[in-house]
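*Asks:* Here's my sequence, what's the structure:
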Amino acid sequence: MAIRSTWAGGCHCQAVRFDVDLPDQVDVEICNCSICAMSGNDHIIVPAACFRLTAGADMLTRYQFHTGTAQHLFCRKCGVKSFYIPRSNPDGYAVTWKCLDDADALDVHIEAFDGINWEDNAARLASKSKEPEL
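*Replies:* Numbers count the residues shown, from 1 in each chain. The predicted model follows:
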């Protein structure tokens, strides 16, 4: 799928800012794992090359649990997780959909992801952090 445009986003206080390249339509993963369900983190998984942190690296704090692979990154000031490195795609980023500046303008396809049974379902997400083929 061709890249449509670059979208800007960030945390609530705007200390953390990023740009992300997204296709015309994006899949938003609605995950029911413990941390996503508790925080309401609905996200778009992208290849690392499509994500750029533009401000606030010094404002990020990290939370890791279980295997320690996922890197949940939060703004130290406002506490918002606007993106993180997911366990399913450690070579990419999961951008919090509603942290995009113009999130409601995106053409989204909502995908339920059974993160409670992560080991049985993670392979379904593996391709999302791969570079799009031209």
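
*Asks:* hey, let's count contacts and neighbours off CA atoms from now on
*Replies:* OK.

*Asks:* in which helix or strand would I find the residue nearest to the spatial centre of the chain?
*Replies:* With distances taken as CA atoms, centre = their mean, residue 94 lies nearest the centre of the chain, 1.7 Å away. Using DSSP states H and E, residue 94 maps to strand 92-96.

*Asks:* Show me what counts as buried in the helix or strand just after that strand.
*Replies:* Helices and strands here follow DSSP H and E; after strand 92-96, the next one along the chain is strand 107-113. By 16 or more other CA atoms under 10 Å, the buried positions in strand 107-113 come out as 108, 113.

*Asks:* next one: stretch 27-37
*Replies:* For stretch 27-37, the neighbour count (16+ other CA under 10 Å) marks 27-32 as buried.

*Asks:* Same question for stretch 74-87.
*Replies:* Across stretch 74-87, burial judged by 16+ other CA under 10 Å covers 74-76, 80-87.

*Asks:* how about that stretch as CSV, C-alpha atoms only?
*Replies:* C-alpha atoms of stretch 74-87 as CSV (Å, rounded to 0.1, in the frame of the first residue of the first chain):
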residue,chain,number,x,y,z
PHE,A,74,5.2,7.6,28.7
CYS,A,75,5.6,11.3,28.9
ARG,A,76,7.0,12.1,32.4
LYS,A,77,5.0,15.3,32.6
CYS,A,78,1.4,14.3,31.5
GLY,A,79,1.7,10.4,31.7
VAL,A,80,0.3,9.8,28.2
LYS,A,81,1.7,6.9,26.1
SER,A,82,1.5,8.3,22.6
PHE,A,83,3.6,5.5,21.1
TYR,A,84,5.5,2.4,22.3
ILE,A,85,7.6,-0.5,20.9
PRO,A,86,5.3,-3.5,21.0
ARG,A,87,6.3,-7.0,21.9
